[in-house]
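K.L.:
sequence and predicted structure below; questions after.
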Amino acid sequence: MNYDNNDGSSTLFGGGLGYQVTLGQKGIVHLCPTASLGFASGPNNLDVFGDGSVVLDLSETDVSFGLELGVLASGSNPTQIIPVASLGVVNATAKASDDVSGTSQSNTQTFGRLDLGLGFVFNHVVTFRPIVAIPIGLNGAVTSFGATVSVNFGKSH
């Protein structure tokens, strides 16, 4: 991720797990408990005042748990289309370390997140899902847009 206002960048990485539970006899509604862990490193060597007196390295760790609900809208093989909504709780810890003084400060916030997406499942194995992520209860947060790719390592249906 690049930042326009300070010529900095962050490296983002993480992963998640989920388990699919089919609800009802028809098998078109699915509930998935989920968990994820994400890390952001940077920007680093951020000269706050432009005079070298405060030079920061920034990082963040995010842990989230949630429930996801999906409904099979179109089930033609080999592609399925599944609208998805999820509600989760995120615990985010941001850390700023000053390279000059050697001090650091952390700030932790817990908030909700509503994700709305549309999953495209290929051969019951790979899913591509564009999403809209709406933060809940986090001052100054904005809605974001993204996409995920998931791989099913379990038994194929």
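P.N.:
Thanks, I have the structure now. Here the structure is a predicted model, which is why all the values come from computation and not from measurement.
K.L.:
Gly16 pairs with what?
P.N.:
Ser36 (DSSP bridges).
K.L.:
for it, list the residues it contacts.
P.N.:
For Gly16, the contacting residues are Thr34, Ala35, Ser36, Leu37, by C-beta atoms under 8 Å, 6 or more residues apart in numbering. In short, each C-beta sits where N, CA and C put it, glycine included.
K.L.:
same check, this time on Gly8
P.N.:
Asn2, Gly42, Pro43, Asn44, Leu46.
K.L.:
got a markdown table for the contacts of Gly16, with distance to Ser104, pLDDT and neighbour count too?
P.N.:
Below are these laid out as a markdown table (distance: C-beta to C-beta, whole Å; pLDDT from 0 to 100; neighbours: other C-beta atoms under 10 Å):
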| residue | distance to Ser104 | pLDDT | neighbour count |
| --- | --- | --- | --- |
| Thr34 | 31 | 95 | 16 |
| Ala35 | 27 | 97 | 14 |
| Ser36 | 25 | 96 | 16 |
| Leu37 | 21 | 98 | 13 |
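K.L.:
list just the nearest of those residues to Phe111.
P.N.:
Closest to Phe111 out of the contacts of Gly16 is Ser36 (14.5 Å), distances taken as C-beta to C-beta.
K.L.:
what about the spatially most distant residue from the centre of the chain, which SS state?
P.N.:
Within the chain, Asp51 marks the point farthest from the mean C-alpha position, 35.3 Å out by C-alpha atoms, centre = their mean. What DSSP: H, G, I helix; E, B strand; the rest coil gives for Asp51 is coil.
K.L.:
so how far is Val100 from it?
P.N.:
10 Å (C-beta to C-beta, to the nearest Å).
K.L.:
and the residue lying closest to Leu31 once chain neighbours are set aside, how many neighbours does it have?
P.N.:
Using C-beta to C-beta, 6 or more residues apart in numbering and skipping the chain neighbours, the partner closest in space to Leu31 is Val21 (4.9 Å). The local packing of Val21 (other C-beta atoms under 10 Å) involves 9 other residues.
K.L.:
same question, Gly119
P.N.:
So Gly119, with other C-beta under 10 Å, has 20 neighbours.
K.L.:
next one: the one 3 residues further on
P.N.:
The number of residues packed near Phe122 is 12, by other C-beta under 10 Å.
K.L.:
count of neighbours near the closest residue to it other than its chain neighbours?
P.N.:
Closest residue to Phe122 apart from its sequence neighbours, by C-beta to C-beta, 6+ apart: Thr79 at 5.7 Å. Thr79: 12 surrounding residues under other C-beta under 10 Å.
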